[in-house]
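Asks: Using only what follows, build the 3D model:
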Amino acid sequence: MRFRLRAATVLAAASVLVLTACSSDAQQESVASAPTLSSVFDFTARTVSGSDFVGADLVGQPVVLWFWAPWCVICRAEAPAVATVAAEFEGRVSFVGIAGHGQNEEMAAFVEETGTGDFTQVADIDGSLWLRFGIIAQPSFVFMMPDGQMQVFAGSLGAEELRDGANQLLAG
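Replies: Residues are numbered from 1 along each chain as shown. Next comes the predicted model:
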């Protein structure tokens, strides 16, 4: 699958996100966009390991955000591919996992068990980052170009699809 990145707006949902199961095998792309690039990344959060993470540090970089939940079997199945591709693009594309719908202990266990600890994993305990990016299902991905163009993809992605997306971020 090839990704066409285009200017988009992140949809701000007014309701609390409640998810009771992993997203279906059906994959969906949606276009979303933020009022400004700096405002969408204007946050500070805690990582699963307890460190501070400043979203503004991502501004101006190609970024892949991976939204996952610790109990999601689809997220668990795709985790090795996400870890592999994140390692392949280290230093060129920033990969950040954003865990939600669970407690930090469950998130930390997921990261340990899936080998996804080599890139930043944010613990979005209150769901505010999922809401900020308009994410309503897991797994989901946000592909962000340095100029702020982004594409939101709801569903699972394999290694080749992630590579395609990351390469398109680099190609501009």
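Asks: What segments of the chain are helices?
Replies: Taking DSSP state H as the criterion, the chain contains helices spanning 37-40, 73-88, 104-114, 128-132, 159-171.
Asks: and residue 110, what does it touch?
Replies: By C-beta atoms under 8 Å, 6 or more residues apart in numbering, the residues touching residue 110 are 68, 70, 75-76, 79, 99, 102, 116. The C-beta positions use only the backbone N, C-alpha and C, and glycine is treated the same way.
Asks: Look up how far residue 166 lies from residue 78.
Replies: Here residue 78 is placed at a distance of 15 Å from residue 166 (C-beta to C-beta, to the nearest Å).
Asks: neighbours of residue 53, just the number please.
Replies: 19 (other C-beta atoms under 10 Å).
Asks: measure it to residue 111 for me?
Replies: For residue 53 relative to residue 111 (C-beta to C-beta), the value is 14 Å.
Asks: related to what we said a few turns ago, between the helices of the chain, which one is nearest to residue 141?
Replies: helix 159-171 (7.2 Å; C-beta to C-beta).
Asks: what comes up buried for stretch 73-87?
Replies: Using 16 or more other C-beta atoms under 10 Å as the test for burial, stretch 73-87 gives 74-76, 78-79, 81-83, 85-86.
Asks: With respect to residue 171, which of those is nearest?
Replies: When the buried residues of stretch 73-87 are compared against residue 171 (criterion: C-beta to C-beta), the nearest one is residue 85, at 15.8 Å.
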